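> whatever this is, show me its structure:
(one chain, ligands or ions: 2)
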Amino acid sequence: MPPRLPEIPEAEPSASARRDPKLPPTSSHRNAFMKRQVPGIVLLAAILTVLPILPQPLQIPEYWVTLLNYIGLYALVALGLVLLTGIGGMTSFGQAAFVGIGAYATAYLSTQYGISPWLGLIAGVLLTALLALCLGAVTMRLSGHFLPLGTIAWGLSLYFLFGNMDWLGKYDGINGIPVLNLLGWHLESGRSIYYLIWAFVLLAVASVQNLLASRPGRAIRALKGGGLMAEAFGVDTAWLRVVIFIYAAVLAAVSGFLYAHLQRSVNPTPFGLNHGIEYLFMAVVGGVSQVWGALLGAALLTLLQDWLQNLLPKLLGENGNFEIIVYGILLVLLLQYARDGVWSYLARWWPTRPPAAVAPAPALPQRRRPQTGETVLQVERVRKTFGGLVAVNDVSFTVQAGEIIGLIGPNGAGKSTTFNLVSGVLKAGGGTVSLCGERIEHLNARAIARRGMGRTFQHVRLLPGMSVLENVALGAHLRGRAGVWRSVLKLNRQEEAQLMAEAARQLERVGLGAHLHEEAGSLALGQQRILEIARALCADPLLLLLDEPAAGLRYLEKQQLAALLKQLKAEGMSVLLVEHDMDFVMNLTDRLVVMEFGTKIAEGLPDAVRQDPAVLEAYLGGVDDELVVDAGEPA
Ligand code: ADP
Ligand code: MG
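Ligands and ions are numbered 1, 2, ... in the order given. Predicted structure coming up:
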């Protein structure tokens with residue numbers, strides 16, 4: 001019989017099992033994707049616990065234990081990639097280098113100085129986090145293909161660093177790494193370290209799940225679209241990118257630590273770029289945006305490689321790494337026909353629990369609201385030029401508390417640019433913008449959001465795979481405080497309940513109360529626009545900025561939207577409505593500001609503006625406004 005390890009296998013599943021019954025009713029906010037996972041982790045923990053300790057005929061052979069150990073090690077790295085690449089949208093080929101740091105740190109410290117491997121783990125994790133912080137601060141700002149290229153560069157350089165350092169044994173590496181000792185247990189055999197590896201994997205899965213279902217998790221999921229939307233709700237996207245980069249790197253370092261003590265020797269080969277690419281493949285094959293995809297991808301690729309290494313020499317009669325070719329072809333096919341990864345197929349068969357109702361929770365604190373008649377927004381001679389084009393030419397207007405002001409004009413008039421100057425997406429070339437008396441023209445979008453400006457987008461920006469409720473909860477980002485640590489450890493429950501209750505309240509307010517748990521992407525365009533308004537309302541704004549909310553809507557949808565805006569006005573909300581459609585604003589707004597070619601050409605009551613010859617000329621004569629390209633928001 002193999003040595004039994006009562007502590008780890010029993011501690012792990014019960015730790016996960018404990019989470020389930022304790023989940024408050026507010027767990028309803030998790031979308032279908034999250035709901036599947038809670039029983040999944042318990043089930044997996046139970047299976048993994050009994051596999052190696054079944055009575056003799058059923059017991060899995062040593063060889064399978066070894067495979068499972070490697071699957072666990074790879075899964076840890078792939079899990080980091082799910083967070084970084086699949087959910088955060090940043091592709092990394094360099095994760096193997098972080099595995100190397102974790103492995104070399106413990107190898108070096110335990111062989112040279114006889115330091116406990118557990119201190120080596122801490123050292124490796126700290127070193128990795130520090131390096132990831134530095135690398136991330138530089139490379140996470142890169143966009144497009146520069147980021148993957150950057151990850152290749154650091155992957156290569158760390159590999160050659162390991163291989164050229166005398167004190168790291170050059171390409172021979174370090175041998176004689178001690179056996180791990182856990183509370184008196186020597187984890188010498190594959191069967192004993194197996195429990196440690198999988199305990200780490202399941203803890204990592206639970207931590208990523210907790211993170212994703214939280215305030216910072218929603219912000220992380222919003223990173224993929226470029227971050228403009230997340231910044232508008234106060235998310236520090238640059239920092240958050242670095243945070244998930246560190247998170248993924250630390251998971252890789254833990255894998256390296258376990259690897260070093262499983263192998264008892266390290267050399268640079270497994271930490272090279274090839275393996276960095278393999279890790280990425282694992283995540284992609286399994287399903288790069290799914291937590292379980294990481295485990296599945298690690299398992300599939302490990303088993304496939306093992307099977308091909310045995311089968312191909314028999315078929316072809318000679319040895320020659322032919323598996324690499326088959327492996328490549330299979331990958332191409334898989335990516336062609338199952339781009340979302342294999343897990344997305346399996347997930348369809350996985351039972352889902354119906355979402356529970358959102359639990360009532362104490363309301364979040366609210367801002368002091370301006371009195372009716374107070375000036376909420378004052379725009380004074382703002383100016384913006386793009387090269388030689390004056391997109392906004394010394395435009396001034398104000399919004400008083402409780403007013404709906406329409407900023408209208410033909411396409412290309414400079415409405416969206418003005419909107420972006422007010423909301424901090426663009427920096428004004430001149431002039432001032434004040435929100436409730438405070439100058440804001442020098443602030444970025446995040447700081448302006450914090451001061452009470454809520455906005456929607458000309459082209460709807462929501463997270464289609466996330467529930468309506470979670471999309472709207474993102475709007476309340478600045479009203480919560482829980483960061484990554486508190487979320488991973490689930491110390492954020494009360495705040496989460498409050499954020500979710502607030503999101504549900506705002507959805508009720510705008511009339512989407514019946515759609516809380518649907519996927520946001522399944523709503524009609526009109527409902528998506530209204531979802532965006534609810535999301536903006538979640539931030540408890542002093543001023544609501546709407547960019548062409550009626551564009552593309554059907555007649556009935558427009559009427560519903562107008563009714564909603566009137567209702568918000570009646571509730572005391574101040575609104576700046578940028579709109580192309582004159583009819584839509586006519587019966588809705590208190591005053592209109594009309595722009596053409598960047599310049600304000602008229603201002604006043606809707607009926608008076610409609611009669612204004614300059615306005616008639618702008619709308620009916622002159623430019624064929626359908627031909628003017630609408631630049632809209634920067635991507
Ligand atoms: P509107 O929203 O009223 O349709 P915009 O504010 O989008 O108009 O555009 C005003 C003018 O500024 C247009 O001529 C447009 O082509 C130009 N413009 C807008 N954004 C940019 C940009 N980022 N770079 C260069 N030109 C731009
Ligand atoms: Mg526009």
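
> count of residues packed around Q309?
15 (other Cβ atoms under 10 Å). All C-beta spots, glycine's among them, are computed from the backbone N, C-alpha and C.

> with F271 instead?
F271 - counted by other Cβ under 10 Å - has 31 other residues nearby.

> same check, this time on the one 3 residues further on
If you count neighbours by other Cβ under 10 Å, N274 ends up with 15.

> then the one 3 residues further on?
In terms of burial, I277 registers 16 neighbours under the definition other Cβ under 10 Å.

> pull the number of nearby residues for the closest residue to it other than its chain neighbours.
Distance criterion Cβ to Cβ, 6 or more residues apart in numbering; nearest residue to I277, sequence neighbours excluded, is F93 at 5.6 Å. Burial of F93 is recorded as 26 neighbouring residues (other Cβ under 10 Å).

> can you give me the strands in this structure?
Counting by DSSP state E, the chain has these strands, from start to end: 180-182, 185-187, 375-386, 389-400, 404-408, 430-435, 438-439, 453-455, 543-547, 574-579, 591-596, 599-604.

> quick one: strands adjacent to the fourth one?
Paired strands of strand 389-400, with direction, are strand 375-386 (antiparallel) (DSSP bridges).

> how far off strand 574-579 does the partner strand point, in degrees?
30 degrees (axes from the mean of the first three to the mean of the last three Cα atoms, to 10 degrees).

> G465: how many residues sit nearby?
By other Cβ under 10 Å, 16 other residues sit near G465.

> quick one: it and G521 touch, right?
Yes: G465 is within contact range of G521, at 6.4 Å (criterion: Cβ atoms under 8 Å).

> what sits against the residue nearest to I277?
P148, T151, I152, G155, L273, G276, I277, L280 (Cβ atoms under 8 Å, 6 or more residues apart in numbering).

> can you read off the pLDDT for it?
Looking at F93, its pLDDT reads 92.

> what's the spacing between it and W154?
Separation of F93 from W154 (Cβ to Cβ, to the nearest Å): 9 Å.

> and the stretch 351-500 of the chain, which residues reach ligand 1?
By the rule Cβ under 6 Å from any ligand atom, the part of the stretch 351-500 of the chain lying against ligand 1 is F386, L389, A391, G409, N411, G412, A413, G414, K415, S416, T417.

> in contact with M229, which residues are there?
Applying Cβ under 8 Å, 6+ apart, we find M229 in contact with A222, F457, R461, L462.

> in TSV, list these along with distance to R439.
Shown next, in TSV, are the contacts of M229 (distance: Cβ to Cβ, whole Å):
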residue	distance to R439
A222	28
F457	25
R461	27
L462	31
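
> now render these as TSV, adding pLDDT.
Shown next, in TSV, are those (pLDDT from 0 to 100):
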residue	pLDDT
A222	94
F457	92
R461	94
L462	93
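
> of those, which is the most crowded?
Going by other Cβ under 10 Å, A222 tops those with 29 neighbours.

> once you drop chain neighbours, what's closest to that residue?
A230 (4.0 Å).

> check that neighbour and give its pLDDT.
Looking at A230, its pLDDT is 93.

> so it makes contact with L223?
Yes: the pair A230 / L223 is scored as a contact, 6.3 Å apart, by Cβ under 8 Å.

> common neighbours of these two, please.
In contact with both A230 and L223: T237, L240, using Cβ under 8 Å, 6+ apart.

> which one's more surrounded, these two?
A230 (26 against 21).

> what are the bridge partners for K384, then?
Under the criterion used (DSSP bridges), K384 bridges to V392.

> give me the pLDDT value at it.
95.

> which ones are touching it?
Here K384 is in contact with V390, A391, V392, G414, T417, T418, L421, L426, A428, G429 (Cβ under 8 Å, 6+ apart).

> not counting sequence-adjacent ones, nearest residue to the last one?
Translated: G429. Spatial nearest neighbour of G429, excluding adjacent residues (Cβ to Cβ, 6+ apart): R383 at 4.8 Å.

> what about that neighbour, neighbour count?
Neighbourhood size, R383 [other Cβ under 10 Å]: 16.

> show me what contacts it?
Contacts of R383 (Cβ under 8 Å, 6+ apart): V390, V392, N393, D394, V395, A428, G429, G430, G431.

> from ligand 1, how far out is T432?
19 Å (Cβ to the nearest ligand atom, to the nearest Å).

> now that residue: closest residue in space that isn't a chain neighbour?
Among residues not flanking T432 along the chain, E380 sits closest, at 4.6 Å (Cβ to Cβ, 6+ apart).

> correct me, but I60 touches V50?
No: if you go by Cβ under 8 Å, I60 and V50 don't touch, sitting 10.1 Å apart.

> avg pLDDT for stretch 54-65?
81.

> for it, list every residue counted as buried.
The neighbour-count check on stretch 54-65 (16 or more other Cβ atoms under 10 Å) flags Q59, V65 as buried.

> list the contacts of it.
L51, P52, I53, L68, G190, R191, Y194.

> show me those residues that map onto helices.
Counting by DSSP state H, the part of the contacts of stretch 54-65 found in helices is L68, G190, R191, Y194.

> who's in contact with the residue nearest to A252 when sequence neighbours are not counted?
Take A252 and drop its neighbours on the chain: the residue closest to it by Cβ to Cβ, 6+ apart is F98, 3.7 Å away. Contacts for F98 (Cβ under 8 Å, 6+ apart) come out as T128, L131, A132, A248, A249, V250, A252, A253, G256.

> N310 now?
No contacts exist for N310 under Cβ under 8 Å, 6+ apart.

> okay, now R451: neighbour count?
18.

> leaving out sequence neighbours, find the closest residue to it.
Using Cβ to Cβ, 6+ apart, the closest residue to R451 is L435 (5.5 Å).

> pretty sure the one you found is touching L543, no?
Yes: with contact defined as Cβ under 8 Å, L435 reaches L543; the gap is 6.7 Å.

> quick one: average confidence on stretch 547-558?
Across stretch 547-558, pLDDT averages out at 90.

> show me what that stretch is in contact with.
For stretch 547-558, contacts defined as Cβ under 8 Å, 6+ apart pick out 415-416, 419, 455-458, 524-526, 529, 532-533, 561, 577-581, 584, 633.
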